[in-house]
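A.B. asks: just coords:
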């Protein structure tokens, strides 16, 4: 099915939107896609209410969401198991989910993908009843997501996360956790638990072989072996050298339950949504999304 018209909903707080929005409707029209309605929001709660309203009738329609990873992840709950199709216009800092889906980050190319791409059903992760498209974190990255100021992200882009991470690592304390998967149960002391449906985190390819249609989640637990080991583990992830990591700490699963001591925040694609304990599942092919042909 090809759509000739769409609704555009934009987070005007995202990094690129204020500068690019005046051109967007013209570019969509140039590519043969009529924008019936453009809704602009700085307030994330109002944006979510608009998305909820547009998807509530469960009718086939194309809804374009312009924003970053936090915006995209926050709206997938309203698209999951619905007839509405999500199109992503990447306007954020890292645009990790767009990268996972091979959606171009250059605005003209992204709009061409939306206008000429194909509808595909993909998997989502689900943690404590919240869907996520890309990555959910427990531990240090959650602290980083909570502590990174919006103003710093605006000026430094992805560098804001790394600067905050260095600061947080100095004082961050490891936590005890009990982990149960669909095949094993174990206890471990950790700095971080990464649960990936997609490939990218903070714009970095942390799971090169991961797919959003494999009906599995990739889990990576960074054990508390000292803070130098934390850097070593992340170096291995960033450089794609994951084969040397312990299979106990780097594995695929369809379900996961995690209890921690003390309680830890849970971040979903850079936004804090919940806290431990966590119950996690993969939900196969529940999201209709526009992908490049």
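C.D. replies: Sure thing, it's come through. Values in this document were obtained by computation on a predicted structure and should not be read as measured data.
A.B. asks: neighbours of residue 80, just the number please.
C.D. replies: Taking other Cβ atoms under 10 Å as the criterion, the count of residues near residue 80 is 17. Where C-beta positions appear, they are placed from N, C-alpha and C, glycine not excepted.
A.B. asks: so it touches residue 284, yeah?
C.D. replies: No: judged on Cβ atoms under 8 Å, residue 80 makes no contact with residue 284 at a distance of 11.3 Å.
A.B. asks: who's in contact with the residue lying closest to residue 205 once chain neighbours are set aside?
C.D. replies: Excluding the flanking residues, the one nearest residue 205 by Cβ to Cβ, 6 or more residues apart in numbering is residue 199, at 5.6 Å. Contacts for residue 199 (Cβ atoms under 8 Å, 6 or more residues apart in numbering) come out as 96, 99, 100, 134, 205, 206, 207, 208, 210.
A.B. asks: what is the nearest of those to residue 290?
C.D. replies: Residue 290 lies nearest to residue 100 out of the contacts of residue 199, by Cβ to Cβ, at 13.8 Å.
A.B. asks: would you list the phi and psi of the closest residue to that closest one other than its chain neighbours?
C.D. replies: Spatial nearest neighbour of residue 100, chain neighbours left out: residue 198 (3.4 Å); criterion: Cβ to Cβ, 6+ apart. Backbone torsions of residue 198, given as degrees, to the nearest 10, read phi -100, psi -160.
A.B. asks: what is the burial count for residue 198?
C.D. replies: Close neighbours of residue 198, defined as other Cβ under 10 Å, add up to 28.
A.B. asks: sorry, back to before: and the contacts of residue 199, which two are the farthest apart?
C.D. replies: 134 and 208 (14.2 Å).
A.B. asks: backbone phi and psi for the spatially closest residue to residue 121 that is not a sequence neighbour, please?
C.D. replies: Spatial nearest neighbour of residue 121, excluding adjacent residues (Cβ to Cβ, 6+ apart): residue 285 at 4.0 Å. Recorded main-chain torsions at residue 285 are phi 50, psi 40, according to degrees, to the nearest 10.
A.B. asks: next one: residue 218
C.D. replies: phi -100, psi 130.
A.B. asks: residue 172: neighbour count?
C.D. replies: 18.
A.B. asks: need the pLDDT of the residue nearest to it when sequence neighbours are not counted.
C.D. replies: Closest residue in space to residue 172, ignoring its immediate chain neighbours: residue 140 at 5.2 Å, by Cβ to Cβ, 6+ apart. Listed pLDDT for residue 140 reads 80.
A.B. asks: state the distance from residue 140 to residue 130.
C.D. replies: To residue 130, residue 140 is 20 Å away according to Cβ to Cβ, to the nearest Å.
A.B. asks: more crowded one of these two?
C.D. replies: Of the pair residue 140 and residue 130, residue 140 is the one with more neighbours under other Cβ under 10 Å, namely 24 against 18.
A.B. asks: beta partners for residue 87?
C.D. replies: Note on residue 87: beta-bridge partners by DSSP bridges are residue 64.
A.B. asks: so that it lines up with my notes, have the first residue be 435 from now on.
C.D. replies: Noted, 435 is the first residue going forward, which turns the last one into residue 521.
A.B. asks: quick check, residue 512 in a strand?
C.D. replies: No: counting by DSSP: H, G, I helix; E, B strand; the rest coil, residue 512 is not found in a strand; it is helix.
A.B. asks: how many residues are close by residue 613?
C.D. replies: Residue 613, neighbours per other Cβ under 10 Å, totals 22.
A.B. asks: am I right that it is in contact with residue 624?
C.D. replies: No: taking Cβ under 8 Å as the definition, residue 613 is not a contact partner of residue 624, at 9.0 Å.
A.B. asks: which neighbours do these two have in common?
C.D. replies: Common neighbours of residue 613 and residue 624, counting by Cβ under 8 Å, 6+ apart, are residue 655.
A.B. asks: nearest residue to residue 445 other than its sequence neighbours?
C.D. replies: Distances taken as Cβ to Cβ, 6+ apart place residue 501 nearest to residue 445, at 3.5 Å, with adjacent residues excluded.
A.B. asks: tell me the helices and strands packed up against the strand or helix carrying residue 685.
C.D. replies: Assigned by DSSP states H and E, residue 685 falls within strand 684-687. Packing contacts for strand 684-687, counted by 3 or more Cβ pairs under 8 Å, 6 or more residues apart in numbering; DSSP states H and E, involve strand 651-657.
A.B. asks: thinking again about what came up before, what is the nearest of the contacts of residue 633 to residue 540?
C.D. replies: Once Cβ to Cβ is applied, the member of those that ends up nearest residue 540 is residue 533, at 12.4 Å.
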